[in-house]
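Engineer: sequence? don't have it. structure:
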Ligand SMILES: Nc1ncnc2c1ncn2[C@@H]1O[C@H](COP(=O)(O)OP(=O)(O)OP(=O)(O)O)[C@@H](O)[C@H]1O
Ligand SMILES: [Mg+2]
């Protein structure tokens with residue numbers, strides 16, 4: 001087990017039916033498929049030999065379509081479902097062997113759960129709902145209220161302590177659910193489709209808040225979603241499931257750029273094409289550009305002024321025809337007289353209607369891409385950083401791009 005692994009799942013199997021560890025398990029271990037096992041034994045395979053580790057402080061996202069086994073997997077972690085085979089470790093606790101009392105204590109002291117349907121008590125105030133887990137823990141009333149108020153402040157709900165759930169919007173109710181889970185200060189948060197019932201705008205807001213909260217609290221989060229966009233936005237790593245099997249575990253950029261199976265490749269493609277996230281959403285329309293006859297000095301001044309590493313060059317019809325890199329411009333001996341056209345490296349162009357999925361690969365080169373209008377004229381710029389921050393993953397990827405860029409410069 002690597003040093004920082006918080007949760008370790010080994011060969012976890014969950015089969016539903018009267019005799020899960022019988023013929024159905026034998027068939028599974030013999031390599032038979034979920035459908036065959038169902039047909040022969042009437043048993044349903046929920047999870048098939050899952051193996052993964054969740055590092056302390058990461059948001060580990062399990063993604064897959066309906067029925068792929070996500071909820072089954074997460075419920076085996078705190079044994080709301082009894083695993084058929086395999087092991088689950090949290091720190092050095094083997095969760096699979098805990099007796100009933102120890103299991104209750106484990107759930108109470110280590111885990112918090114947030115569900116899709118907020119599961120709040122309608123006749124209790126918000127603060128009473130949040131304090132519920134503390135009551136179970138035996139915390140006294142005054143301390144419960146104080147802690148619950150703190151947890152509500154964390155999720156931006158100060159002032160709503162004495163409201164009733166029915167008086168809050170869906171997003172606010174889900175914040176209450178999150179506060180309730182946080183109030184007991186669990187080290188592991190299990191979130192099963194926690195944002196799926198929210199409308200898209202609120203949902204994105206909640207995703208952002210979760211990312212912010214996580215950078216502060218550094219919990220270990222197992223987050224389930226059937227939405228790839230959500231997975232890519234919030235996930236430190238993403239695990240893709242189908243029919244109870246794990247197809248790939250990787251960083252968001254691994255999943256997008258290096259899909260491990262055809263299924264993942266199709267999934268990435270389908271979801272991205274079907275969605276509305278277009279280049280438009282990350283275009284900097286104010287991005288400067290320069291005519292071909294501009295001098296290198298002018299280019300350097302523009303890049304300095306805008307804080308850019310590169311600037312687009314356009315021809316007399318305003319069509320992008322290249323890119324000048326700051327590093328290269330700086331090495332020019334007579335910048336006052338040389339024009340940028342001599343330095344221009346080739347550039348990619350896209351329209352604002354292009355789906356983001358189509359530009360990931362181009363952005364992997366580390367350079368900005370020119371956005372053009374219907375007439376092919378320069379209309380703005382898209383930078384790798386803008387796209388990656390859109391995906392909520394700036395740091396890790398921009399590091400990679402930096403590396404990539406310095407490699408290509410050497411060549
Ligand atoms: N209590 C149960 N009894 C029998 N079969 C079950 C039970 N719970 C889940 N299953 C089966 O296990 C498989 C995985 O279901 P699971 O609920 O884990 O999927 P999921 O990925 O969470 O789907 P969703 O996105 O719809 O929530 C499915 O084939 C489902 O029919
Ligand atoms: Mg589910």
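Structural biologist: Noted; the coordinates are in hand. Source: prediction; values computed, not measured. Residues are numbered from 1 along each chain as shown. Ligands and ions are numbered 1, 2, ... in the order given.

Engineer: Every contact and neighbour count from this point should use C-alpha atoms.
Structural biologist: OK.

Engineer: Quick check: which element contains the residue of the stretch 251-400 of the chain at minimum distance from ligand 1?
Structural biologist: Closest residue of the stretch 251-400 of the chain to ligand 1, C-alpha to the nearest ligand atom: residue 267 (14.8 Å). Assigned by DSSP states H and E, residue 267 belongs to helix 262-274.

Engineer: related to what we said a few turns ago, tell me the contacts of the residue of the stretch 251-400 of the chain closest to ligand 1?
Structural biologist: Not one residue lies near residue 267 by C-alpha atoms under 8 Å, 6 or more residues apart in numbering.

Engineer: ok, and for stretch 212-230, which residues are buried?
Structural biologist: Across stretch 212-230, burial judged by 16 or more other C-alpha atoms under 10 Å covers 214, 218-226, 228-230.

Engineer: In terms of pLDDT, where does the residue of the stretch 251-400 of the chain closest to ligand 1 sit?
Structural biologist: According to the model's per-residue confidence, residue 267 sits at a pLDDT of 78.

Engineer: try residue 228
Structural biologist: Listed pLDDT for residue 228 reads 85.

Engineer: does it really touch residue 61, like I thought?
Structural biologist: No - Residue 228 lies out of contact with residue 61 (C-alpha atoms under 8 Å); the separation is 9.7 Å.

Engineer: wait, does stretch 21-29 contact ligand 1?
Structural biologist: No - using C-alpha under 6 Å from any ligand atom, stretch 21-29 stays clear of ligand 1, coming no nearer than 13.3 Å.

Engineer: burial count for residue 357?
Structural biologist: 18 (other C-alpha atoms under 10 Å).

Engineer: need the helix or strand of this structure with the lowest average pLDDT.
Structural biologist: Every helix and strand in the chain was compared by mean pLDDT, DSSP states H and E; the lowest is helix 394-410, with a mean of 43.

Engineer: Show the average pLDDT along the one helix or strand residue 9 maps to.
Structural biologist: Counting by DSSP H and E, the element that carries residue 9 is strand 5-16. On average, the pLDDT along strand 5-16 is 97.

Engineer: do stretch 118-128 as well
Structural biologist: So the average pLDDT for stretch 118-128 ends up being 90.

Engineer: end to end, how far does that stretch reach?
Structural biologist: Counting by C-alpha to C-alpha, to the nearest Å, you get 14 Å between the two ends of stretch 118-128.

Engineer: Would you map the strands across the stretch 201-350 of the chain?
Structural biologist: 220-225, 237-242, 245-250, 289-291, 310-314, 320-325, 349-351 (DSSP state E, counting those that start in this stretch).

Engineer: Do the first one and ligand 1 come into contact?
Structural biologist: No - if you take C-alpha under 6 Å from any ligand atom as the test, strand 220-225 misses ligand 1, and the best it gets is 7.3 Å.

Engineer: Pull up the pairing partners for that strand, direction included.
Structural biologist: Paired neighbours of strand 220-225 in the sheet (DSSP bridges): strand 59-63 (parallel), strand 188-192 (parallel).

Engineer: Can you mark which positions in the first one are buried?
Structural biologist: Judged by neighbour count (16+ other C-alpha under 10 Å), strand 59-63 contains these buried residues: 59, 60, 61, 62, 63.

Engineer: Export those to JSON lines and append columns for distance to residue 28.
Structural biologist: Converted to JSON lines, those look like this (distance: C-alpha to C-alpha, whole Å):
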{"residue": "59", "distance to residue 28": "30"}
{"residue": "60", "distance to residue 28": "26"}
{"residue": "61", "distance to residue 28": "25"}
{"residue": "62", "distance to residue 28": "22"}
{"residue": "63", "distance to residue 28": "22"}
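
Engineer: how about a markdown table for the residues you listed, with distance to ligand 1 and pLDDT added?
Structural biologist: Below are the buried residues of strand 59-63 laid out as a markdown table (distance: C-alpha to the nearest ligand atom, whole Å; pLDDT from 0 to 100):
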| residue | distance to ligand 1 | pLDDT |
| --- | --- | --- |
| 59 | 18 | 96 |
| 60 | 15 | 97 |
| 61 | 12 | 97 |
| 62 | 9 | 97 |
| 63 | 8 | 94 |
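
Engineer: Closest one to residue 20 out of these, please.
Structural biologist: Residue 20 has its nearest neighbour among these in residue 62, at 23.8 Å by C-alpha to C-alpha.

Engineer: Can you name the residues bridging to the closest one?
Structural biologist: Beta-bridge partners of residue 62, counted by DSSP bridges, are residue 224, residue 239.

Engineer: low-confidence ranges in the stretch 151-300 of the chain?
Structural biologist: Within the stretch 151-300 of the chain, the segments meeting pLDDT under 70 span 270-277.

Engineer: Tell me the helix or strand right after the helix or strand harbouring residue 105.
Structural biologist: According to DSSP H and E, residue 105 maps onto helix 100-110. Note on helix 100-110: by DSSP H and E, the next helix or strand toward the C-terminus is strand 111-115.

Engineer: in the stretch 101-250 of the chain, which spans are helices?
Structural biologist: 126-136, 141-154, 170-183, 200-217, 228-234 (DSSP state H, counting those that start in this stretch).

Engineer: Identify the residues contacting the residue of the stretch 151-300 of the chain found nearest ligand 1.
Structural biologist: Residue nearest to ligand 1 within the stretch 151-300 of the chain: residue 226 (5.9 Å; C-alpha to the nearest ligand atom). Listed by C-alpha under 8 Å, 6+ apart, the contact set of residue 226 reads 63, 64, 65, 66, 193.

Engineer: Contact distance from ligand 1 - what residues of the stretch 51-200 of the chain qualify?
Structural biologist: 65, 66, 67, 68, 69, 70, 71, 72.

Engineer: again, 8 Å this time
Structural biologist: 63, 64, 65, 66, 67, 68, 69, 70, 71, 72, 73, 193 (C-alpha under 8 Å from any ligand atom).

Engineer: so the last one makes contact with residue 115?
Structural biologist: Yes - with the criterion set as C-alpha under 8 Å, residue 193 and residue 115 qualify as a contacting pair; they are 6.3 Å apart.

Engineer: which other residues reach stretch 198-217?
Structural biologist: By C-alpha under 8 Å, 6+ apart, the list of residues contacting stretch 198-217 reads 57, 154, 155, 170, 171, 195, 196, 230, 233, 234.
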